[in-house]
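Chemist: Let's see this in three dimensions:
(2 chains)
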Protein chains: 2
Amino acid sequence: MTDATLDVVGIGNAMVDVLVQADDDFLDQNGLVKGSMTLIDGERAEALYDLLDNGIKISGGSAGNSMAGVAALGGSAAFIGKLRDDQLGAVFAHDIRTAGVHFETPLSNDTAPTARCFVIVTPDAQRTMSTYLGACVELGPEDVDEGLIASADITYLEGYLWDPPGGKAAFRKAYDIAHANGRRVALTLSDSFCVERYRSEFLDLVADHVDILFANEAEVISLYEAEDFDEALQQVRGACPIAALTRSEQGSVIVAGDEIHVIEAAPVEQVVDTTGAGDLYAAGFLYGLARERSLADCARLGGIAAAEIISHLGARSQADMAALAAMI
Amino acid sequence: MTDATLDVVGIGNAMVDVLVQADDDFLDQNGLVKGSMTLIDGERAEALYDLLDNGIKISGGSAGNSMAGVAALGGSAAFIGKLRDDQLGAVFAHDIRTAGVHFETPLSNDTAPTARCFVIVTPDAQRTMSTYLGACVELGPEDVDEGLIASADITYLEGYLWDPPGGKAAFRKAYDIAHANGRRVALTLSDSFCVERYRSEFLDLVADHVDILFANEAEVISLYEAEDFDEALQQVRGACPIAALTRSEQGSVIVAGDEIHVIEAAPVEQVVDTTGAGDLYAAGFLYGLARERSLADCARLGGIAAAEIISHLGARSQADMAALAAMI
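Modeler: Residues are numbered from 1 along each chain as shown, chains lettered A, B, ... in the order given. Okay, the predicted model is just below:
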């Protein structure tokens, strides 16, 4: 690991969140069910984008958020993700580079438009989401830069990428290169529905190809079809060298062979928006790992990064994260 | 352990809680600070008892509550504790025997009166406590029945007993007998102020004489003067064969050598009175241990017993605990 020139490279869905405030009538008129997350097609995405043109655009995507977090903490990070050369593609590419993340995946002219997630916030503070995956689903092994993966201490993969066949092949290429170069591979399970869809493949991945697993309580319980958290904990402990299991306000539990840590959540004055909590936890943890901190300190770094992100709108950090990290 | 004829014997302060509802004026008139716990002398105890004669009397005391819990769960339990042969002494002896706990410590005629804790509940549901230790502090090694200790799979000791010199000697006699007979010794740290007073002695106890330690988060952090829960966890893991660490609504963490469990709290519809939560957790755990259940199941049993006790007033169970236990 000492010869790695990069701390972490992340591969995931490159996506822009479009946040807009609207009332319940708007939801009704557009057939949206309050509080839900719906996958939408390109036509619908264009129609919504026309309607919500005044929305705040914030670059998002799970692994992208994590890489921006690693950079904000003072680490070196790169990102691989598929964008189209369109307005939102330019926004994402600008934002992630401004965040200090190395990003060289060429913007394409022959894919679907750049992915976006429309987030409609109603006056009762509820969020109704419509996600258009667009260009993301076309990521393939050709986008995985061998030299970049080989140069990174840790390659970080998003479970969501398992959906499209090209993503899966990109995934495999990435972990094969990483391991062939003596590097580490980290995976986030992304979401419990994703785990439901690919349980047996994820079980194999975790057992055979992943060095560091990130999962929240619901995801790890779903993965092992366990009765409760402790049952899942016993399973994952035997399957994977390091598992970082997040539990919202209950902090996180780290198991790594004979080592175990139970770390409190960092204090948050007011929770404004929980989007990105898991992404930033991973950022803090990966930064700590790359800097050879103890596993307990990695979890504490994850906790403070998550606490910062949920104290404001959006999943890209606003505070001086490096200063926060220096407190651990 | 298989030849033990008793699951658990507990040694602790035998105490009756006197619960009364009163208004703020009553507190003011009697110089009581709302929300506090004050140790009081015999004269003051008599005066308060005259004033609060109409109070509900509920047998209490940490280890006594635990032994009543073990019996309610279907286990066999005995209790050793000092009472005077007075009205409250008779109440305690009656209650603990009715709970199915073997209790043979003779009621004394030459000690201070039976211990009591006056619990004044104001209309805002706050509890103001005045504790008179009375006869409790006179417990000594002569009260520790060698045959009883030798017959029990587990001897359970209350940290509070470390206060009076006689209690300490009783403590030592009990763990020496238990170990000489191949039995197990469990200790609860009781309260973080108690840990403050006797830290170095408790550290030695835990390292050298205790097989099963019960502590809540504040107590175990205080014991090791740790920065946070995880630091204390690492310390206790190396010091003691089994540690059961309770964390209120965050459930409990069990460490036992290479084994670790993170168990959720059992659901509670409405928390009415948290008194006895730790005592009943210990009851469930000890019952499970004596019945050779897995450590995870011991913790689950502790959780359901604690959940039952905090759902009503008082620290002695009301529901069919054995039926609850059968669910684990």
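Chemist: and the residue nearest to A:V137 when sequence neighbours are not counted, how many neighbours?
Modeler: Leaving aside its sequence neighbours, A:V137 sits nearest to A:P164 (CB to CB, 6 or more residues apart in numbering or on different chains; 4.1 Å). All C-beta spots, glycine's among them, are computed from the backbone N, C-alpha and C. Around A:P164 there are 18 other residues, counting by other CB atoms under 10 Å in any protein chain shown.
Chemist: what does A:M37 give?
Modeler: Residues near A:M37, counting by other CB under 10 Å, number 14.
Chemist: Over to A:T122?
Modeler: A:T122: 18 surrounding residues under other CB under 10 Å.
Chemist: got it, and A:F193?
Modeler: For A:F193, using other CB under 10 Å, the count is 11.
Chemist: what does the lowest-mean-pLDDT helix or strand in chain A rub up against?
Modeler: The weakest-scoring helix or strand in chain A, judged by mean pLDDT, DSSP states H and E, is strand A:37-39 (a mean of 76). With contacts defined as CB atoms under 8 Å, 6 or more residues apart in numbering or on different chains, strand A:37-39 is touched by A:L32, A:M129, A:S130, A:T131, A:Y132, A:L133.
Chemist: I believe A:H261 is in a strand; please confirm or correct that.
Modeler: Yes. The assignment for A:H261, made by DSSP: H, G, I helix; E, B strand; the rest coil, places it in a strand.
Chemist: Next up, the contacts around it.
Modeler: For A:H261, the contact set (CB under 8 Å, 6+ apart) comprises A:V253, A:I254, A:L295, A:A296, A:A299, B:D230, B:L233, B:Q234.
Chemist: let's see 6 Å
Modeler: A:I254, A:L295, A:A296, A:A299, B:D230 (CB atoms under 6 Å, 6 or more residues apart in numbering or on different chains).
Chemist: The closest residue to A:N216 other than its chain neighbours: neighbour count?
Modeler: In space, and not counting its chain neighbours, A:N216 is closest to A:T246: 4.8 Å by CB to CB, 6+ apart. A:T246 has 26 neighbouring residues, counting by other CB under 10 Å.
Chemist: Next: A:F79.
Modeler: Residues near A:F79, counting by other CB under 10 Å: 31.
Chemist: Would you confirm that it belongs to a strand?
Modeler: Yes. Judged by three-state DSSP, A:F79 forms part of a strand.
Chemist: Quick check: beta-bridge partners of it?
Modeler: Taking DSSP bridges, one obtains A:G10, A:F103 as the residues bridged to A:F79.
Chemist: Please apply the same query to the one 5 residues further on.
Modeler: Residues in a beta bridge with A:R84, per DSSP bridges, are A:S108.
Chemist: which residues does it contact?
Modeler: A:S108, A:T111, A:P113, A:T114, A:A135.
Chemist: Tell me if I'm right that the residue nearest to A:V137 and A:L139 touch.
Modeler: No. Applying CB atoms under 6 Å as the test, A:P164 and A:L139 come out as separate, 7.3 Å apart.
Chemist: Now go through the contacts of A:H261 and say which are in helices.
Modeler: Under the assignment DSSP state H, the contacts of A:H261 contribute A:L295, A:A296, A:A299, B:D230 to helices.
Chemist: got the contact list for the last one?
Modeler: Spelled out, that is B:D230. Applying CB under 6 Å, 6+ apart, the residues contacting B:D230 are A:H261, A:V262, A:I263, A:A296.
Chemist: Can you redo those residues as CSV, where the extra columns are distance to B:L213 and pLDDT?
Modeler: Below are the contacts of B:D230 laid out as CSV (distance: CB to CB, whole Å; pLDDT from 0 to 100):
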residue, distance to B:L213, pLDDT
A:H261, 19, 97
A:V262, 16, 97
A:I263, 21, 97
A:A296, 21, 97
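Chemist: Pick the one among those closest to A:G75.
Modeler: A:A296 (18.5 Å; CB to CB).
Chemist: OK, contacts around the closest one?
Modeler: Contacts of A:A296 (CB under 6 Å, 6+ apart): A:H261, B:D230.
Chemist: And it, how far from B:D204?
Modeler: 26 Å (CB to CB, to the nearest Å).
Chemist: So which residues of the stretch 151-300 of chain A form strands?
Modeler: Using DSSP state E, counting those that start in this stretch, the strands of the stretch 151-300 of chain A run over A:152-158, A:184-188, A:212-216, A:242-246, A:252-256, A:259-263.
Chemist: Look up how far B:P165 lies from A:S36.
Modeler: Plainly put, A:S36 is 67 Å away from B:P165 if you go by CB to CB.
Chemist: Can you name the residues that contact A:P241?
Modeler: By CB under 6 Å, 6+ apart, the residues touching A:P241 are A:D211.
Chemist: Could you check how far it is from A:V210?
Modeler: Distance of A:P241 to A:V210, computed by CB to CB: 8 Å.
Chemist: ok, now A:A47?
Modeler: 40 Å.
Chemist: the more surrounded of the two?
Modeler: Counted by other CB under 10 Å, A:A47 and A:V210 do not tie: A:V210 has more neighbours, with 22 against 12.
Chemist: Count the residues that sit near the residue lying closest to that one once chain neighbours are set aside.
Modeler: The shortest distance from A:V210 to any non-neighbouring residue, by CB to CB, 6+ apart, is to A:L187 (4.6 Å). Counted by other CB under 10 Å, the residues lying close to A:L187 total 26.
Chemist: For chain A, which residues are neighbours of chain B?
Modeler: A:D230, A:L233, A:Q250, A:V253, A:I260, A:H261, A:V262, A:I263, A:A296 (CB under 6 Å from any CB of the partner chain).
Chemist: In the stretch 1-150 of chain A, what residue lies closest to chain B?
Modeler: Closest residue of the stretch 1-150 of chain A to chain B, CB to the nearest CB: A:L73 (20.4 Å).
Chemist: what sits against that residue?
Modeler: The contact partners of A:L73, taken as CB under 6 Å, 6+ apart, are A:Y287, A:M321, A:A322, A:A325.
Chemist: List phi and psi for it.
Modeler: Phi and psi for A:L73, reported as degrees, to the nearest 10, are phi -80, psi -10.
Chemist: circling back to that earlier point, report pLDDT for the residue nearest to A:V137.
Modeler: pLDDT for A:P164: 70.
Chemist: do A:T2 as well
Modeler: For A:T2, pLDDT reads 56.
Chemist: list the contacts for the residue in the stretch 51-200 of chain A positioned nearest to chain B?
Modeler: Using CB to the nearest CB, the single residue of the stretch 51-200 of chain A nearest to chain B is A:S192, 17.0 Å away. For A:S192, the contacting residues are A:A218, A:E219, A:S222, by CB under 6 Å, 6+ apart.
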